[in-house]
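1. can you look at this prediction? I've put the sequence above it.
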Amino acid sequence: MVRFRKVITMKSPYRLMRLSGSCYRTLRGALARDHFALVKPLAQGRFGSCFLVSRKTSDYVLKAFNSNDVKRRKEKLARESKFLQRIDHPAIPKLIQVLDRDGFYGLVMEQMPGQSLADLLEWDYHFSKTEITAIMAQLIAVMEYLGRLNISHRDIKTDNILWTGEQLALIDFGSASRVSRFNSRFNPDYWGLGDVFLRLAANCDEMTTSSNDFSLAQLDLKPAQREVIERLLYIKKPYCDFQALTEDFNHAWL
């Protein structure tokens, strides 16, 4: 079992934000109508903010959308909840409730454990090759599951992946879309997988041969392993389905 340094386990995987007193009062009132209590702010993004909320003895994550965006593009924002309602996977947060009244629109979701890979990299955490292999294997399995549902996440990046040292979670389906088949010239999900791998590998002493001018060519990889990453990054013939990717990754890495 991988154990993070104490300073890592104490930090939230979300960047803190500031809110005015009036915003707090409005949000507390909206939540109280559904028997939720505001605990603290977690993160702020382009279309809204995330908060830790509680009801009875359980904690959840609330994704509250900006009021202006709710007025202009509520139908688009609501697609995230529709995707989450279809998903049933232990690595993806479950949708608990949709809050929609009086111009307020938000999603209450299961709180997933772990720290974001982005924060771990920021703290200069050095991943082992075993960890990277486990992260990639779990992430590819999640993407294969989504592929069977014809769902494309479209925002695979270190900020949206939580890691406990053993288990992975994929969050933020705000950019997700439905796909009839994976036959486009460029699929951001595959490229995102390759990008995540490179960012982790850059902080892996076992895989990097030089601390200067990091590149894929400098990684200590077997030919079959390198080919999988090159196909993810569209350097070589890209993958067209996640089942083929799973088979190649398992053969080369596991």
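-> Arrived safely. A quick note: this is a predicted structure, and the numbers were derived from the prediction, not measured. Numbers count the residues shown, from 1 in each chain.
2. domain map for the protein?
-> 13-110, 115-253 (automatic domain parsing).
3. ranking these by mean pLDDT, which is last?
-> Ranked by mean pLDDT, those bottom out at domain 13-110, with a mean of 84.
4. please enumerate the strands of the stretch 151-254 of the chain.
-> Ranges of strands in the stretch 151-254 of the chain, per DSSP state E, counting those that start in this stretch, are 151-152, 161-163, 168-170, 177-178.
5. now the first one, how far from the centre of its chain.
-> So the one you mean is strand 151-152. 13 Å (CA atoms, centre = their mean, to the nearest Å).
6. before we move on, the earlier item: can you redo the domains of the chain as JSON lines with mean neighbour count?
-> Backbone N, C-alpha and C define where each C-beta goes, glycine included. Shown next, in JSON lines, are the domains of the chain (neighbours: other CB atoms under 10 Å):
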{"stretch": "domain 13-110", "mean neighbour count": "16"}
{"stretch": "domain 115-253", "mean neighbour count": "17"}
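7. partner residues bridging residue 152?
-> residue 177 (DSSP bridges).
8. same deal with residue 208?
-> Beta-bridge partners for residue 208, by DSSP bridges, are residue 219.
9. returning to that earlier point: just put the strands of the stretch 151-254 of the chain in TSV and tack on distance to residue 69.
-> Shown next, in TSV, are these (distance: least, CB to CB, whole Å):
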stretch	distance to residue 69
strand 151-152	22
strand 161-163	25
strand 168-170	23
strand 177-178	17
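10. quick check, pLDDT for residue 6.
-> Here the pLDDT value assigned to residue 6 is 36.
11. how far away is the closest residue to residue 160 other than its chain neighbours from residue 253?
-> Nearest non-adjacent residue to residue 160, counting by CB to CB, 6 or more residues apart in numbering: residue 172, 4.6 Å away. The spacing between residue 172 and residue 253, counted by CB to CB, to the nearest Å, is 26 Å.
12. and of the strands of the stretch 151-254 of the chain, who's closest to residue 241?
-> strand 151-152 (12.4 Å; CB to CB).
13. so what's residue 71 closest to, chain neighbours aside?
-> Counting by CB to CB, 6+ apart, the nearest residue to residue 71 once its immediate chain neighbours are dropped is residue 103, at 7.3 Å.
14. so what's that neighbour up against?
-> Residues counted as contacts of residue 103 (CB atoms under 8 Å, 6 or more residues apart in numbering) are 67, 70-71.
15. quick check: residue 214 touching residue 204?
-> No: using CB atoms under 8 Å, residue 214 is not in contact with residue 204; the gap is 10.8 Å.
16. for the residue nearest to residue 160, grab phi and psi.
-> With angles defined as degrees, to the nearest 10, residue 172 sits at phi 60, psi 90.
17. would you confirm that it contacts residue 155?
-> Yes: between residue 172 and residue 155 there is a contact under CB under 8 Å: 6.2 Å.
18. would you map the helices across the stretch 101-250 of the chain?
-> Assigned by DSSP state H, counting those that start in this stretch, the stretch 101-250 of the chain shows helices spanning 117-122, 129-148, 188-201, 223-232, 242-253.
19. for residue 84, find the nearest of these.
-> Taking CB to CB, helix 129-148 is the member of the helices of the stretch 101-250 of the chain nearest to residue 84, at 11.5 Å.
20. what residue is smack in the middle of the protein?
-> Centroid-nearest residue in the chain: residue 160, 2.4 Å away (criterion: CA atoms, centre = their mean).
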